[in-house]
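*Asks:* fold the following, please.
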Amino acid sequence: MADLSTTYLGLSLKNPLVASASPLSKKLEGIRRLEDAGVSAVVMYSLFEEQITHESLELDHFLNQGTYTYAESLTHFPEMESYNIGPDKYVELIQSAKQAVSIPIIGSLNGISAGGWVDYARKIQEAGADALELNTYYVVTDDQLTPAELENAFIDLVKEIHSKVHIPLAVKLSPFFTSLPNLARRLVEAGASGLVLFNRFIQPDLDIETLDVVPNLKLSTSEELRLPLRWIAILYGRVQADLALTSGVHTGKDALKAIMAGANVAMTTSEILAKGPAAAGKILSEMQDWMKEYEYDSIQQMRGSMSQKAVAEPAAFERGNYMEALRSYDNRLP
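*Replies:* Residues are numbered from 1 along each chain as shown. Model prediction:
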């Protein structure tokens, strides 16, 4: 049987399949089910910056009842309790999970602004989390915000969190940056031990009858693997950080592609949400079967074997592939 073991953020993992943040990790039973299904680590459901800010505002409200400068500001925040657990319960859940399962637990913070909420990184560490993932889920709508200002804000945030904790820190990024390799290098220099590619932004829909903007979550497909696969292959060997591929991992072959491109781990959520935690076991079985058929002894043997540095035509990962891709379609035209 092939050796599926790998390392990620300094953690020794039994295999490269990690459960990324999902509703399953909101409850201890869900985390147990993920471990039983075979995943090697679990990224906790994200604790949002707004939740912590909201809690701080509520505390301030009760301490300063009678003032009239506060009440309206609460309406700017959504009802956080309706879609996620509070910050203190989040920390308690990590503590319970560490006692209940043997696989690593990775905390998740979602936000981009530096401030008091970053102190929760230390609380997550104190709760026993093995590592921390910073999910920089941010859609820029301010036309006065420059790319440099946004990137510097990310760098400052990583520096601040890195200064507060000693557990490894991974940064989950979107693909929407002018120079992703440069940002990746700067994040590693600021203290990131790993990069997670990519954040999958939820795209709202429009109801043209009610004139409402409608939140609409669609699960990923294997087709979405290509974008993170390409960038993992480009960054492998260029940045001194572990790489995690997320979005589009639904089969054993998807996970193997991630490893061959250079990822330390392949993260999955949509497949597990669609088919239940048992889907993780199927992915791992498919990996074992493929590795046996093609005579691979270990994950380490194949990691990075199809990165940009390793393939015969590295330009295929760059613009040079554009014309070839178009030409490949010529014979299909009617």
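
*Asks:* check the average confidence over stretch 174-188, would you?
*Replies:* Stretch 174-188 comes out with an average pLDDT of 95.

*Asks:* distance between the ends of it?
*Replies:* 16 Å (Cα to Cα, to the nearest Å).

*Asks:* which residues touch that stretch?
*Replies:* Outside of stretch 174-188, the residues within contact range by Cβ atoms under 8 Å, 6 or more residues apart in numbering are 136-138, 147, 151, 154-155, 158, 171, 173, 195, 197-199, 201, 227-228, 231, 234-235, 238-241. Quick note: C-beta positions are derived from backbone N, CA and C, even for glycine.

*Asks:* over to stretch 272-279?
*Replies:* 19, 22-24, 30, 33-34, 36-37, 39, 219, 268, 271, 280.

*Asks:* hang on, the earlier thing: show the buried residues in the contacts of stretch 174-188.
*Replies:* By neighbour count, with 16 or more other Cβ atoms under 10 Å, the contacts of stretch 174-188 hold 136-138, 151, 154-155, 158, 171, 173, 195, 197-199, 227-228, 231, 234-235, 239, 241 as buried.

*Asks:* which ones among these map onto helices?
*Replies:* 151, 154-155, 158, 227-228, 231, 234-235 (DSSP state H).

*Asks:* okay if I get these as JSON lines plus distance to Asp289?
*Replies:* Shown next, in JSON lines, are those (distance: Cβ to Cβ, whole Å):
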{"residue": "Glu151", "distance to Asp289": "43"}
{"residue": "Phe154", "distance to Asp289": "40"}
{"residue": "Ile155", "distance to Asp289": "43"}
{"residue": "Val158", "distance to Asp289": "39"}
{"residue": "Leu227", "distance to Asp289": "27"}
{"residue": "Pro228", "distance to Asp289": "24"}
{"residue": "Trp231", "distance to Asp289": "28"}
{"residue": "Ile234", "distance to Asp289": "29"}
{"residue": "Leu235", "distance to Asp289": "29"}
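
*Asks:* closest one of the residues you listed to Ala258?
*Replies:* Pro228 (7.7 Å; Cβ to Cβ).

*Asks:* rewinding a little: from the contacts of stretch 272-279, which two are the most distant?
*Replies:* Asp36 and Leu219 (22.1 Å).

*Asks:* restricting to C-alpha, output the helix or strand hosting Ile283 in CSV.
*Replies:* Assigned by DSSP states H and E, Ile283 belongs to helix 278-293. This file holds the C-alpha atoms of helix 278-293, laid out as CSV (Å, rounded to 0.1, in the frame of the first residue of the first chain):
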residue,chain,number,x,y,z
ALA,A,278,-17.9,9.2,3.7
ALA,A,279,-16.9,10.9,0.4
ALA,A,280,-13.5,11.5,2.0
GLY,A,281,-12.9,7.8,2.3
LYS,A,282,-13.8,7.3,-1.4
ILE,A,283,-11.3,10.0,-2.5
LEU,A,284,-8.5,8.3,-0.4
SER,A,285,-9.3,4.9,-1.9
GLU,A,286,-9.2,6.3,-5.4
MET,A,287,-5.8,7.8,-4.6
GLN,A,288,-4.5,4.5,-3.3
ASP,A,289,-5.8,2.6,-6.3
TRP,A,290,-4.2,5.0,-8.8
MET,A,291,-0.9,5.1,-7.1
LYS,A,292,-0.8,1.3,-7.0
GLU,A,293,-1.6,1.1,-10.7
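
*Asks:* which SSE is immediately downstream of it?
*Replies:* Scanning onward from helix 278-293 (DSSP H and E), the first element met is helix 299-302.

*Asks:* quickly list what Leu197 is bridged to.
*Replies:* Leu173, Leu245 (DSSP bridges).

*Asks:* what's the separation between it and Phe176?
*Replies:* Leu197 sits 12 Å away from Phe176, going by Cβ to Cβ, to the nearest Å.

*Asks:* give the residues shared as contacts by those two.
*Replies:* Joint contacts of Leu197 and Phe176 (Cβ under 8 Å, 6+ apart) do not exist.

*Asks:* what number of residues are in the vicinity of the closest residue to Glu223 other than its chain neighbours?
*Replies:* Distances taken as Cβ to Cβ, 6 or more residues apart in numbering place Gly248 nearest to Glu223, at 6.9 Å, with adjacent residues excluded. Using other Cβ atoms under 10 Å, Gly248 has 25 other residues around it.

*Asks:* tell me the SS of Gly248?
*Replies:* Classification of Gly248 using DSSP: H, G, I helix; E, B strand; the rest coil returns coil.

*Asks:* ok, what's across the strand from the nearest residue to Pro204 once chain neighbours are set aside?
*Replies:* Nearest residue to Pro204 in three dimensions, chain neighbours excluded: Val213, at 5.0 Å (Cβ to Cβ, 6+ apart). Beta-bridge pairing of Val213 under DSSP bridges involves Leu206.

*Asks:* what segments of the stretch 101-250 of the chain are strands?
*Replies:* Along the stretch 101-250 of the chain, counting by DSSP state E, counting those that start in this stretch, strands occupy 105-110, 131-135, 169-173, 194-197, 205-207, 212-214, 242-246.

*Asks:* can you list contacts of the third one?
*Replies:* Meaning strand 169-173. Against strand 169-173 from outside (Cβ under 8 Å, 6+ apart): 9, 106, 131-137, 154, 158, 161-162, 180, 183-184, 187, 191-199, 242, 244, 246.
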